[in-house]
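> my questions concern the predicted model and sequence given below.
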Amino acid sequence: MTLAYRAIAIIVLLGMLCACERSRAPEPSAPTADGNAQSAPAQASKDLPEGGQSSPHTETVSEMPALKIQTLDGALYDLAAKRDRWVVVNFWATWCSPCLKEMPELDAFDAAREDVEIIGLAYEEIAIEEMRAFLREHPVRYPIALVDTYDPPADFPTPRGLPMTYVIAPGGKVEKQFMGPVTRTELEALTARSPEAQAAQKAHG
């Protein structure tokens, strides 16, 4: 009886060991599962613009960008209707110190050139009345529009920093992009080849 009991005990132990090994068998697949879980969000993040926006958006400016947006005065600004002149598209924000230093430069340039138009795109979440109050303290001649940060203009990339300025030549093509503050002198030099600018230079020369 003793030998039979020992034999049964050995068989039971062997069965338990086999069961443990079977329960551990799935462990090698765990890294694969973890790996898949990590790679899926990484792939998904590549499909989403910064900030988790689900709407499609370009990472580079279009060669001839389109822009239709309502300005603070209620007018519809249509960039396609401005192709007979230079246009400066300036992304900025009220909290951006370099933007505030740049505003007088842009305003002076806008006042000096009839062949140039500037549109200021406020890239921030701000109430209309709050923006109007800000502009009463920091007035500019050129129109200002509020950009929906969740649905920004499709033909311009999401600004990675502010200010961000695009200079668009007559005809509608982007002439140059400025990352950071731009001065009136830089804008004058860039747009000096226009007939209006050359005529103004001759008149003052």
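Yep, that arrived.
> low-confidence ranges in the protein?
Across the chain, the ranges flagged by pLDDT under 70 are 1-58, 194-205.
> SS state for Asp110?
At Asp110 the chain is in helix, as set by DSSP: H, G, I helix; E, B strand; the rest coil.
> residues contacting it?
Shown in contact with Asp110 (C-beta atoms under 8 Å, 6 or more residues apart in numbering): 88, 116-118, 140-142. The C-beta positions use only the backbone N, C-alpha and C, and glycine is treated the same way.
> and which of those residues is nearest Trp95?
Nearest to Trp95 among those is Val140, at 16.7 Å by C-beta to C-beta.
> kindly export stretch 80-99 (C-alpha atoms) in CSV.
Taking C-alpha atoms only, stretch 80-99 is exported to CSV below (Å, rounded to 0.1, in the frame of the first residue of the first chain):
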residue,chain,number,x,y,z
ALA,A,80,-7.8,84.8,-53.5
ALA,A,81,-9.2,88.3,-54.2
LYS,A,82,-5.9,89.9,-53.2
ARG,A,83,-3.7,88.5,-56.0
ASP,A,84,-3.1,91.9,-57.5
ARG,A,85,-0.9,92.9,-54.5
TRP,A,86,1.5,91.7,-51.9
VAL,A,87,-0.1,90.1,-48.9
VAL,A,88,1.4,89.5,-45.4
VAL,A,89,-0.3,86.8,-43.5
ASN,A,90,0.8,87.1,-39.8
PHE,A,91,0.0,84.4,-37.2
TRP,A,92,0.3,86.0,-33.7
ALA,A,93,-1.2,86.0,-30.2
THR,A,94,-1.9,88.5,-27.5
TRP,A,95,0.3,86.6,-25.0
CYS,A,96,3.3,86.6,-27.4
SER,A,97,5.8,89.3,-26.4
PRO,A,98,7.7,89.1,-29.8
CYS,A,99,4.4,89.5,-31.6
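> show me which residues of it are buried.
Using 16 or more other C-beta atoms under 10 Å as the test for burial, stretch 80-99 gives 82, 85-94, 96, 99.
> likewise for stretch 112-131?
113, 116-124, 131.
> picking that back up, identify the farthest-apart pair in the buried residues of stretch 80-99.
Arg85 and Thr94 (27.3 Å).
> follow-up on the earlier one: out of the buried residues of stretch 80-99, who's nearest Ala169?
Relative to Ala169, the closest of the buried residues of stretch 80-99 is Trp86; by C-beta to C-beta it sits at 6.3 Å.
> surely the closest one meets Gly171?
No: counting by C-beta atoms under 8 Å, Trp86 does not reach Gly171; the two are 10.1 Å apart.
> any idea how this protein splits into domains?
Recorded structural domains for the chain (assignment: automatic domain parsing) are 2-47, 68-204.
> Three-state assignment for Gln70, please.
strand.
> residue contacts, it?
With C-beta under 8 Å, 6+ apart, Gln70 has these contacts: 76-77, 145.
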